[in-house]
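Undergrad: Next one to model:
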Amino acid sequence: MSYQQDINAGLDRARNAAAVLPIELRDLRLAILSDLHRGAGDAADDFRACKHNFAAAVAHYDRRRHILAILGDAEDLWECLPAEVVREHAASMALERPFLDAGRYWRFFGNHDEAWQHRLLVDLYLRPLLGPVEPIESLRLQVTENGRPLGEIFLVHGHQGAMLE
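TA: Numbering: from 1, shown residues only. This next block holds a predicted model:
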């Protein structure tokens, strides 16, 4: 298979395996944040310069009762250990918890944080900050307006087929 065929097959697999969630358009207040790449706080940490912007954005979306979708690569676990990232960014990670507590939170794993597929790592590092979080690979939103189907939104980080299996 070619590289593009691998990606297509990976995305097809993720779409077919995704949970389907019906949602009314009026309820679809969605903030999607992706590729935060929180690291160990050193010069290679892409998130370090953005943490105040992240905090302001999350507070804004929480006040307006948006659903928060963290769409993968929230942590850069290719370059850092989970313990390093949590130690450095526990405060910013904890800002996501009110969304989960209110039932307005979806956390996806990407290729840089695919370790969150493993329950043991989630239990050790994410749950103490976020609560009963269950990172997912993908989600399909079936959008309706007054019960009439409008279409589908497919949420996925997007490196399927390009990731090491």
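Undergrad: Quick check: next helix or strand after the longest helix along the chain?
TA: Across the chain, the helix with the greatest residue count (assigned by DSSP state H) is helix 3-17. Note on helix 3-17: by DSSP states H and E, the next helix or strand toward the C-terminus is strand 19-24.
Undergrad: Can you name every helix or strand that that next one contacts?
TA: For strand 19-24, the elements it packs on are strand 138-145, judged by 3 or more CB pairs under 8 Å, 6 or more residues apart in numbering; DSSP states H and E. In this view, the C-beta of every residue, glycine as well, is placed from N, C-alpha and C.
Undergrad: Show the residue spans covered by the helices in the protein.
TA: Assigned by DSSP H, the helices in the chain fall at 3-17, 51-63, 82-94, 97-101, 119-121, 127-130.
Undergrad: right, and those - which one's nearest Asn146?
TA: Distance to Asn146, taken as CB to CB, is lowest for helix 51-63 among the helices of the chain, at 25.4 Å.
Undergrad: Quick one: mean pLDDT for the closest one?
TA: With pLDDT averaged residue by residue, helix 51-63 scores 98.
Undergrad: Can you pull out the residues in contact with it?
TA: With CB atoms under 8 Å, 6 or more residues apart in numbering as the test, helix 51-63 has contacts from Ala31, Leu33, Leu36, Phe47, Leu68, His89, Ser92, Leu95, Glu96, Pro98, Phe99.
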